[in-house]
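[1] With the input below, show me the fold.
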Amino acid sequence: MSEEASFEPKNDLETELLKAQQGEIAGEAFLQTLLQSQVFMPVRDKHQIANFQSSDQAVPLTLENEDGHSVLVLFSSPERGQGFLQDYPEYAGGLLVEFTWVLERLGSGVGISLNPELPVGVELDPEMVGQILAALKG
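    Now for the predicted structure:
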């Protein structure tokens, strides 16, 4: 059994992501679902109190990919991030936010990794993120 086949979707976003990866729906259909979904954004906050973000100084988890681009790390649900975030204990908190809210605040030249290191996830390079944002504003 493949890792994808053993992935049990926990919300509509995960169901559509799995369908997209298996070729059951087009990428555009998945993007429409993503644009209407909430995602979990791990954040570091200098004033952390029991996983509650107490200030507007929260810093999202951003890594650098092999091409040298910044990549914002997001998850389809808080539970999906637990294993990955063990390597980043300073990101013990997080925000459940609309994906469009993330896009509106994302700087140019930044990619997105949804569910990194999980069998069901997606990488959006900075150009794709820019195109999605332009389409939203258009």
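
[2] From here on, just use CA atoms for contacts and neighbour counts.
    Noted.

[3] Would you mark the buried spots in the longest helix seen in the chain?
    In terms of residue count, the longest helix belonging to the chain (DSSP state H) is helix 126-137. Neighbour counts over helix 126-137 (16 or more other C-alpha atoms under 10 Å) mark 126, 129-130, 132-133 as buried.

[4] pLDDT (mean, whole number) over it?
    Averaging pLDDT along helix 126-137 gives 91.

[5] ditto for stretch 104-115
    pLDDT averaged over stretch 104-115 gives 93.

[6] Could you shift the numbering so residue one becomes 398, and keep it that way?
    OK, 398 is where the count begins now, so the last one is stretch 501-512.

[7] That stretch: how far from the chain's middle?
    Centroid separation for stretch 501-512 versus its chain: 9 Å, with C-alpha atoms, centre = their mean, to the nearest Å.

[8] Quote the end-to-end distance of it.
    Across stretch 501-512, the terminal residues are separated by 20 Å (C-alpha to C-alpha, to the nearest Å).
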